[in-house]
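Colleague: take this sequence and fold it.
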Amino acid sequence: GKHVFKQRTVEELLDTAVMILVDGSGSMCGDKYAHAAKAATLLNSTLEELQIECAIHSFTDGYRCKQFEHKNFDTTINTEDLIDTFASASEEMGSNADGDNILYSAGLLLERREQKKILVVLSDGQPAASSGSGDIYGWTKRVIREIEEDGEIEIYGIGLLDSTVEELYSNNAVIEDAASLEECLIKLLQEHVLV
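Modeller: A predicted model of the protein is given here:
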């Protein structure tokens, strides 16, 4: 309902850019990925209604990072087409190099003119890459910490049936059931975007 958003002025709302980054690795297969796609479409229509700029990407890696652009800032997409983009990206589910993809997404957000920049990462476990070399977990943690300390972007980690996000993100939520994801995202919106 729109009544929740009454206290914000239109100018303030329009000065926000939100980016949703979905883990598109193999372990997300099935229910979790379906709910992540559904939550992204719900968020897309809500933000579009509020005229808040939003981008939705997912990521995986098969010996190199791949980030799929389901929706970019300054574009609109209907629910059906958005679901289709998630379906085609699901054919390439591999590993998940969270750190690299978070860094890339933060770079896109920093280019935005909006005053308030929010990055929401949906993930279901430990960062991993198909190359298997280096400290991918430590690197991810460092990337997140630097974004948090820099303060230009608010970053939130949502863990799907996995609590790794608690170790990585200062601002996090863990959901025990993929079906609660939509509710969790809307709550995050109300508490952090629309306040």
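Colleague: for this structure, which helix extends over the most residues?
Modeller: Looking across the chain with DSSP state H, the single longest helix is helix 31-49.
Colleague: tell me which residues of that one come out buried.
Modeller: Neighbour-count burial for helix 31-49 flags 32-44, 46-47 (criterion: 16 or more other C-beta atoms under 10 Å). Placement of C-beta: from N, CA and C, glycine included.
Colleague: most widely separated two among the residues you listed?
Modeller: Maximum pairwise distance in the buried residues of helix 31-49, criterion C-beta to C-beta, is 22.0 Å, between Lys32 and Leu47.
Colleague: tell me which residues in the helix or strand containing Thr140 are buried?
Modeller: Using DSSP states H and E, Thr140 sits within helix 136-150. Across helix 136-150, burial judged by 16+ other C-beta under 10 Å covers 136-137, 139-141, 143-144, 147.
Colleague: re the thing from before, and the longest helix of the chain, what's its mean pLDDT?
Modeller: Helix 31-49 shows a mean pLDDT of 83.
Colleague: low-confidence ranges, this protein, go.
Modeller: Residues of the chain meeting the criterion pLDDT under 70: 1-14, 27-29, 62-65, 92-95, 126-134, 178, 195.
Colleague: now the strands: where do they sit in it?
Modeller: 16-23, 53-61, 65-71, 116-123, 154-160, 172-175 (DSSP state E).
Colleague: and the contacts of the shortest one?
Modeller: Among residues not part of strand 172-175, those counted as contacts by C-beta atoms under 8 Å, 6 or more residues apart in numbering are 156-163, 165-166, 181, 184, 188.
Colleague: now the first one
Modeller: Taking C-beta under 8 Å, 6+ apart as the criterion, the residues outside strand 16-23 that touch it are 28, 36-37, 40, 43, 47, 52-60, 73, 86, 96, 98, 101-102, 105, 108-109, 112, 114-125, 160, 189, 193.
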